[in-house]
Structures are given as C-alpha cells and as structure tokens.
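J.: give the three-dimensional model of this entry:
(chains A, B and C)
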Amino acid sequence: MTADSSPVPPSVGRGLPVLDKLSLTSRIALVATLLMSALGIVLDFGIHVDKNVVFVVSAIAILGLAWVVGLSTERLGSLTGPRVGGILNATFGNIAELIIAFFALQRGLIEVVQASLTGSIIGNLLLVMGAAVLVGGLRNGVQTFSAKIAVSNAALLVLALIGLFVPAIFALTSADRSTGTVTEESVLVAIVLIIGYGLSLIFQFTHPAETLGGHGEPEGHAGPAWTAKVAIFVLVAAAALLAVLSEILVSVIEPFIATFGLSAFFVGVVIIPTIGNLAEHLVAVQLAAKDKMEFALAVTFGSSLQVALFVAPVLVLLGLVVNQPMTLVFTPLEIAAVAAAVGISSLIAIDGESNWLEGALLMLVYAILAVSFFEFVGPL
Amino acid sequence: MTADSSPVPPSVGRGLPVLDKLSLTSRIALVATLLMSALGIVLDFGIHVDKNVVFVVSAIAILGLAWVVGLSTERLGSLTGPRVGGILNATFGNIAELIIAFFALQRGLIEVVQASLTGSIIGNLLLVMGAAVLVGGLRNGVQTFSAKIAVSNAALLVLALIGLFVPAIFALTSADRSTGTVTEESVLVAIVLIIGYGLSLIFQFTHPAETLGGHGEPEGHAGPAWTAKVAIFVLVAAAALLAVLSEILVSVIEPFIATFGLSAFFVGVVIIPTIGNLAEHLVAVQLAAKDKMEFALAVTFGSSLQVALFVAPVLVLLGLVVNQPMTLVFTPLEIAAVAAAVGISSLIAIDGESNWLEGALLMLVYAILAVSFFEFVGPL
Amino acid sequence: MTADSSPVPPSVGRGLPVLDKLSLTSRIALVATLLMSALGIVLDFGIHVDKNVVFVVSAIAILGLAWVVGLSTERLGSLTGPRVGGILNATFGNIAELIIAFFALQRGLIEVVQASLTGSIIGNLLLVMGAAVLVGGLRNGVQTFSAKIAVSNAALLVLALIGLFVPAIFALTSADRSTGTVTEESVLVAIVLIIGYGLSLIFQFTHPAETLGGHGEPEGHAGPAWTAKVAIFVLVAAAALLAVLSEILVSVIEPFIATFGLSAFFVGVVIIPTIGNLAEHLVAVQLAAKDKMEFALAVTFGSSLQVALFVAPVLVLLGLVVNQPMTLVFTPLEIAAVAAAVGISSLIAIDGESNWLEGALLMLVYAILAVSFFEFVGPL
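T.: Predicted coordinates:
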C-alpha cells in the first residue's frame, strides 16, 4: 500500500497495536476513515440531512474502509505465507464491491448491479491500466517488461469473460426467450464460473510463483507486520463497517440519481466501481511508477478476473436467495465495451512494451465511454 | 496414433499384412471397428431394430473407421515423404466429417450440416485444445513452447474464418436479402476459399518444414510401415465403409433427434463433430502429454483451417450438385462462439506458455456452450 | 519513394531545380502528372466531354499529385530532421484523401465520405499489407522481423479505432436516438480523437526513434535533396492542384456511379481510397520487397492510425463548418470488416514472421469483401 513507503515515526502509537508499524499518512487515513464512517452512520439517522451529503460521506468512508480491508488482508497474508495470502487476496480483493452490489441487489437495483460488474472490468482495463501506463511512461520512459505473466493473466481473463457473456450472447441471438429460461441459464453459468474460480484458487495454491492474486504486492515490506490477532480483528471490523456503510450508500442511490438526473447505468458503470476499487487501484499505478509493469498489468487483469469468476456469479446466486433474480444478460453496449477493453489491454500486454501515449489513449477511450454513458444514456 | 506406442508383439498376425506392425491395442481396435461396421450394416436391413441402436452402432463404427483412415493416410505419408504426406493428411484429415455432412446435406438437413462446421471448429479450439492443455499441464507442469508455429497457424485460421463469415456478416447487416443473392454470394466465397486452400497446399508443398498438415504427427514411428499397396487398399476400403456407415447414420438422425427431444443445432454442433473427429483429436492430447505443445496446438489449428478452407466450401459446391443449396450464412450465435474460441486459443498460443488451469477453463467454456445448445435452443 | 532508387542521369534537368536530383522515372511521372492535371482542368470546362472520361483523367492526376505531395514532404523532412519530418509526414500523409473527402462532404455525399474512411483502413490492412507480405514472401522466403514496432503501432491503432467506433456502437445498441444526439456525440468524440492525435504528435516529437510517421521511409537517400524553397513550393503547388482536381473528381462522382450502376458504398470503400493512397501504398510493398517487414507493417498501421485520429475527426468538424453534419455512425458491416482487418493484421504482426501464403490470403479476404460490396450492396 502506498503509505507504507513513508518513514514510520519511532515512538508514536505505542498504546494501540493497530497503529503500530503504520506510517504517518496511513495513520491519518485510518483515523479519517473511522471519522467518516461514524459521520455516515450518524447522518443516516438524522432524517433532515440532505441525502446527497449522506451519499458523499458514506462513499468516502467506503473508499477508506476498502483500503483498510486491503491493508489487513495483506498483513495477514504476510503472516500466512504466499499460498494462503494469495487466497486471502483473491477472496477479499473485491469484497467492497461485492458488499455494495449485494445491498443494491437486495433493493432491486438490478440494472445498477449488472452495470457495476462491467464498469468494474472496463475501469480496471482502461482507466486503471491507462493511469498505470501513463504514470509509468512519464516517469520511466518507454517501459519494457516480460509479457509472460501479463499475457497469461489476460488469457485467463478472456476465458472467464467468454463464459460470463454466454447467456447474453444466447439472449441476444435467440428469437424469443422467457425470463425463466434466461435466469436458469445464468444460474447454470454462475455455477460453472464458480467451479472455474475454485480451480483457479487450487492453481494459485499449487503454483504460487507463477500467479498473482488480486493485490499482488510483489515486494517485501520493511518492518514487521501486525500480529495475526490484530490483523483478523481489523479485517472483521472493517468488513462489518463496510457492510453498514454500503447499506447506507445504497439507500440513498435513488435520490442521488434523481437529483443529478443521472442514469442508473452511469452510476453502475462509473461511480460504484470507483468507490469500491479506488484504493486497490492505486497499487497498480504505484507499481507502474516503480517500473514493475508486469505486476501492474497482472493486478489489473487479476482484479477483473475476480469480478468475472467470483463477484458476478456470487451475485447471481445471492439474487436467488434474496428473491431478486439477476441474470447475466448484459447489454450489447456493455459486451462491446468489455470486449474492446480486453482486446486493447491484451495487445499492450503482448507488446511487452508500454509508453505514456498508450496510457493517455487508454484513458481517453475510458473518457469517451464515460461521457457517452453520462450524456447519451437515458435516466432511470 | 496412440496405439503405436505400445510394444508390437513379435509373432502375431504374420498371415495378414494389414495387422503386421500394429500394436495389440491397434489390432483390437481394428477388429472392433470392422465388427461394428458389419453390425451397423446388418442392423440397417433389420427393419424392426430400434433406430437409436442403429445410430449408436454406426456412430461407433464411423469413429473407428475415421481412425483407420487416419492411420493409413499416415503410413502412406511415411512412404511418400513429408511433402506428399502433408497433402494426403490435408485431404483425408477431415474426410469422415465431409462424408457424414455430404449425406446429411443430401437429405436436406442443412441446419445440421452448417452447425457441424462451426461445431467442428469450436470443438477443436475449446474441447480438444482444452483437453490437450489440461492433460499436458497435469503431466508436465507449466509448459513453455515456441509460439511461432502455433501463432502462424492461428493467423491463417483467422484469415480463413474471416473469409468464411463474410456472407453471414453481409446477410446479418443488409436490410433485405433474397435467398438467391445469399446463395450466389456463398458460392462465390466458396470458390475463393478453395483457391485459398489450393494456395495453402502449394505453400505446404514448398515449405514442408514450416507447416503441419491436419495430423502432423512429428516424430518417426518405430518399425517399418505398411507397403504402399496395403496402405492404399486400407485407405480405400475404410473410406468406402465410412461412406456406407455415414449414409446409415444420417438416415436415422431424425428419429434420434425426435426420441431425445434434441435440437438439430445441438446434433450438428456437438454430436456430429465428435463422431467424425474423436480419433484424430486424441493425437493432439497425446502430443500435449508428451510435452510437444507447439505440435498439439498446430494440429488443432490445422484441423480447423481445413474445415474452413476445404470442408465448408466443398459442401457449398456439393449442395449445388445435389440440389440442396447450402449457404454460408451462420447464426450470430455460431459466429460469436467461433470468434470467442479463436480469440482465446490464439491468446494461449501467443502466450508461449500453458498450464492445466487454462485447459480446464477452455473445457468449462465448451461445457457452458454445449449445455446451452442442449438446454436452450429449441428442438427441430 | 520508388523511383529514387533508379540512377540519376548526371546532366539532365539542370535548368529546373524541381527536376534536379530526380531519377528518370520520377521525372516522367512528374511530367505525366502535370499533363493529366492540365487535361483534367481543361476537360472540366469542355461541357460536352463524357463525365466518365473526366472522372478517369482527374483520378489519374490525383494519384500522381498525391505522390508529388509525398515526395516533397519527404524531401522537406530530410532538411528539417526526423522530428519535424515525422510531423510533416503525419500531417500531409493522408492529405489527398482528406481533400477528396472534404469536397465530397461539401456536396452532401456523406455516405461516400464515411465509407472512404473505413475503406481506407480496410485497404491499408488487407490489400496493402497483403501485397507487402505476398511480394516480400515471394522474394525473400519466410520473413522474420522484430514484432516490437509493428505491435506497438497496432496497439495504438486498436485504441484509436475503439474511440472512433464508440458513437456507432452507442447508436447500434441504443433504442431510439435522434439525429441531434448522434451528431453531438460524434463531435465530442472527434474532439477527443484530435486530442489523441495531438498527444501522438508530441510523443513522436519526443521519441523520434521509436515511432514511424505515415510514410516512414527508414533509409537515407542517395544524393542531396531539394532546397527548402523548392520543396515548399512543390508541396504548396501540388496541394493546390490536388484541391482543384479533387473538386472536379467529386463533381462527376454521381454520373460515374449512375453510369456503371455502382453503389455509393462501393465507390467510397474501394475507389476513393485507392485514388488517394495508391502512391503512398507502394512504399509499403517496396519496403517488404527489401525485407524490411517491420517498417512495411508500421507504415500500414501508421497510415490507418492517421485516418482514425486525424482524417475522420477533421471531417466531422469540417462537416459542421460546411453545414453537412457527418456522424461517426458507421454500418455494422463496416465495423465488422475493420475489426476483422485489424485483428488479422495484428496477429500477423505479433507473429514476428510472415510468408507469401498469409499475404495471398489477406488479399483474398479483401477480394471477397470488395466483390461483396460491388455485387451485393444496392445502388445509391
């Protein structure tokens, strides 16, 4: 995580083991996150506060809590070794997004949830990869890297996405399809995708050297980490707070959409993934700045892979549980955008070479898509 | 072929030159094939036998006969040298599929024939390549290989498929198109594809070292092969039996479809290619197990290339002859499935590295597609 | 340019500095171009001449003038050094096409203009690259080359094309879209594309060694070039003549289409790009013949990149100026054709190896598309 690289003040925070071994910036971020979380919860009870203020406060709190979850997962991982650590990362890497999407699903905001899945993948492959390639290129000039790890991850991602999009392709090309059939097929595909996820965990467990989990911070951290007890406590507490704040956030999505005249689609594609993943994404940019492009690309591919193999099918199955059947029938626009994002990011990975121009163009394509979603897709 | 690697019993089969130099397993397979062929022909005359029994018996016989055709082509090839051998492989490699499709075409089962073309390509690139990568990965760990041959074959395949799909893309995107225009365009494209096939044979003949025919068994076989006379006799006899059994199989497809409530599409996409190609496909898996991934991939790409450049256009032209005009207008579902299969298999080839997880995911994608075709596409 | 490689006769053309340092073939071509230009202008005033004769004469004149523009840009570039030279090439590389398209736009032939954009890209990636790979392969056998430059250019091209096609994808997949919204979105995308073009010029200026402009002739020319004054005079004069002849050509497109029963689509996709780019394309074939495949591929990718990032958005903005609003909403057929062309040409670049068979198949795919456009798309 970013903040760990700043020097650790020697004698601060002795009393609290959570603050121990954290840099000053990390401590400030941690305290700010707790304050925003508390504020969000308090505001939620104050009925006369503007809903949009609640939205913004809870969004900032979730952003911070997602970072805390990542931090504690990583520290727990460094205690358990790379095998278990990889599985922890793979499980908790997209937990914030999963929790937000779950509460949105429960409220029947199915369009938002579906859009958040594709938005997360597009954001990863265009915006995050673009920022990483741009920052890396500006700081290090033309970057060359071993294409192996990145292309290997890209291949797995393409496989997962093809599986994910089968129901949509069937729905698009078949003549008449009842809702029942489509849901049935989505559930079937979800089960197969989770089997694929299980296999990928087994592979990761048996080949720790050749893969990277969702976070994939490759270098050792200076200084000892937390004890297991502290790390587990922080993880559980942050995840619990995350759930509370996510429910608050989701409860004010609809007034937020109405106030600003947004489309559900735009909120799902752009805003939700940004809130859930921003902290995690900074890792990729930071790795690129350190000229470790193969890891930066692996992180963005790995995060998208988790969305396709874990978050999406889990949401389909949870949809059955909360009686809000969600299908995997994405719109052609989403399929086209994801296919384009995967194609171009794979090509950059195959290349084994990146420069700031590629990064800037990746971000421009994301900007074109985001503005188009904002301007030209009708409101809810 | 698989069975050749088992030790040849020294003093068996002296009397019959066909059995000479064959391993015990191969001899058993050969005899079983002949018995099933005879049984299929006999059952076809027995009018009171269940049609589905006839279907299963003739399917097994065809499976065996396709293997015998492959075996005799290969032995003939080892007598003629790699140049002529490559052309023999390229011509007879998909002969079983061509013969079955021809009889299906003659009976007007055009949907089955079209689906068998895409099914053959999808089966090659997802199921066969998946099995090869999975078995290879489980036996040899992460396999690295020179990407050159595989990517070169993938590039040719993509080119051929783009040509093959032009009529479908035109039909999908043009407003109103009469059947006459579509057929005319399909015939035109078929002629161009066959020109491409002719050029690829010339290339293969002049650059034998850089290409692999449909079979492409790269290593020398222990022990001398058959004489030319024996090989030609076996080839002709097996092809003739194949034709008889294919006609029998096709004659009972419709009752088979009706009994099990299948769609013509499912039979074409999944069952027909499996019957026609299973023996051939074992070669790819076996090559992967021997850690010769570049050849395994080349075999699967090469086999799909033959379908696109030879089997498909020949069937369009034969359709004119038997007055059953078949177009190259595939469904969007087929185009999407083939495009996905080609994309992902190319990416694995570019990678130059494969592992069992990729193989397992390839097979899962095939499973999702096959189950979707089975469950969710309406019956004939 | 081609003709420069023939020996320069020592004492000819002393009087005219323009002819100085030009080979005999180049001198003949220059004089022929001037004669055809004069003839075209004269015929345009002669009202009783057949319109189709005017079309053919002005087409030939434009072909020659585009070559003269390329020649003077290159000579000017060799005086200014690679940085400014690269930007000159990038600006004037597709000037002929831009000028023809502008006059067609002014006359409201919007379908022709849109088709000429995709036709230029398809022609570059299938016909020109195919000819280069075929000629290179026949002359030099299997050609191996460093994939770096070619793949890097391919990645930029894919990015640019994704941006270019966003409005079409939105228009295709949205339910009801008014003309106003589509135009607004096209203008927005055009502005973003031009920003991308500006960034690519900055990149080219700061990394001259790693990129190639539209022309990208990589070797030094024997003999000194023109003086700056001569080069600028020739460039301006040729561009001015180009504008005059383009207006004449466009004024007789409609009778030409009517006489031969062509579709506007065919004229835009096949004829206009051939007239505007033929001279430039010979460079790619010539580079391939000299076994410099990485440069040949970079030229074809670079030329397509200019169409996507410069020619297309400039035409959208000029459309506003001349009150002929042109959108970037291409037909599905065009998107499919361009996607296929980009996919296959990228795969050949990734391969790092090419042979004549790949070249022949690329040209066959172009032939299938061109004949399909000719035969099966209805007249205007």
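J.: so what's the residue in the stretch 101-250 of chain A that chain C sits nearest to up against?
T.: With C-beta to the nearest C-beta, the shortest gap between the stretch 101-250 of chain A and chain C falls at residue A:142, namely 6.2 Å. The C-beta positions use only the backbone N, C-alpha and C, and glycine is treated the same way. In this structure, residue A:142 makes contact with A:353-355, C:207, C:210, judged by C-beta atoms under 8 Å, 6 or more residues apart in numbering or on different chains.
J.: mind showing which ranges of the stretch 1-150 of chain A have poor pLDDT?
T.: For the stretch 1-150 of chain A, the stretches flagged by pLDDT under 70 are A:1-21, A:47, A:82, A:86, A:90.
J.: just the strands in it please.
T.: Ranges of strands within the stretch 1-150 of chain A are A:143-144, based on DSSP state E, counting those that start in this stretch.
J.: got the residues of it near chain B?
T.: residue A:148 (C-beta under 8 Å from any C-beta of the partner chain).
J.: what do you get for the stretch 251-380 of chain A?
T.: So far as C-beta under 8 Å from any C-beta goes, the stretch 251-380 of chain A lies against chain B at A:346, A:350.
J.: and the helices in the stretch 251-380 of chain A?
T.: A:253-260, A:264-266, A:272-289, A:293-306, A:312-321, A:332-351, A:356-376 (DSSP state H, counting those that start in this stretch).
J.: pick the most buried one from these.
T.: helix A:293-306 (a mean of 29; mean count of other C-beta atoms under 10 Å in any protein chain shown).
J.: looking only at pLDDT, what's the mean for that helix?
T.: For helix A:293-306, mean pLDDT is 83.
J.: could you dump it to CSV, C-alpha only?
T.: Extracted C-alpha coordinates of helix A:293-306, given in CSV (Å, rounded to 0.1, in the frame of the first residue of the first chain):
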residue,chain,number,x,y,z
MET,A,293,4.8,-3.0,-15.3
GLU,A,294,4.3,-6.8,-15.4
PHE,A,295,2.9,-6.7,-11.8
ALA,A,296,0.8,-3.6,-12.5
LEU,A,297,-0.8,-5.3,-15.5
ALA,A,298,-1.2,-8.6,-13.6
VAL,A,299,-3.0,-6.7,-10.8
THR,A,300,-5.5,-5.1,-13.2
PHE,A,301,-6.1,-8.4,-15.1
GLY,A,302,-6.3,-10.3,-11.8
SER,A,303,-8.9,-7.9,-10.3
SER,A,304,-11.1,-8.2,-13.4
LEU,A,305,-10.7,-12.0,-13.3
GLN,A,306,-12.1,-12.0,-9.8
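J.: can you put the helices of the stretch 251-380 of chain A in CSV and add distance to residue B:158?
T.: Below are the helices of the stretch 251-380 of chain A laid out as CSV (distance: least, C-beta to C-beta, whole Å):
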stretch, distance to residue B:158
helix A:253-260, 43
helix A:264-266, 33
helix A:272-289, 31
helix A:293-306, 23
helix A:312-321, 29
helix A:332-351, 13
helix A:356-376, 23
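J.: from the contacts of residue A:142, which is closest to residue A:123?
T.: residue A:354 (18.5 Å; C-beta to C-beta).
J.: ok, that closest one touching residue A:138?
T.: No. If you go by C-beta atoms under 8 Å, residue A:354 and residue A:138 don't touch, sitting 11.3 Å apart.
J.: compare these two (neighbour count), which wins?
T.: Taking other C-beta atoms under 10 Å in any protein chain shown, residue A:354 and residue A:138 do not tie; residue A:354 has more neighbours (28 against 14).
J.: residue C:345 versus that one, what's the distance?
T.: 21 Å (C-beta to C-beta, to the nearest Å).
J.: got a list of what residue A:172 touches?
T.: Per C-beta under 8 Å, 6+ apart, neighbours of residue A:172: A:332, B:332.
J.: got the confidence number for it?
T.: Per the predicted model, pLDDT is 73 at residue A:172.
J.: check which helix or strand covers it.
T.: Using DSSP states H and E, residue A:172 falls within helix A:147-173.
J.: so what's the gap between the longest helix seen in chain A and the chain middle?
T.: Determined from DSSP state H, the single longest helix within chain A is helix A:51-80. How far helix A:51-80 lies from its chain's middle: 12 Å, per C-alpha atoms, centre = their mean, to the nearest Å.
J.: and stretch A:122-139, by the same measure?
T.: 15 Å.
J.: list the buried residues for it?
T.: A:122-137 (16 or more other C-beta atoms under 10 Å in any protein chain shown).
J.: rounded mean pLDDT for whatever helix or strand residue A:248 lives in, please.
T.: According to DSSP H and E, residue A:248 maps onto helix A:228-251. For helix A:228-251, mean pLDDT is 88.
J.: since that was my last question, I'll sign off now.
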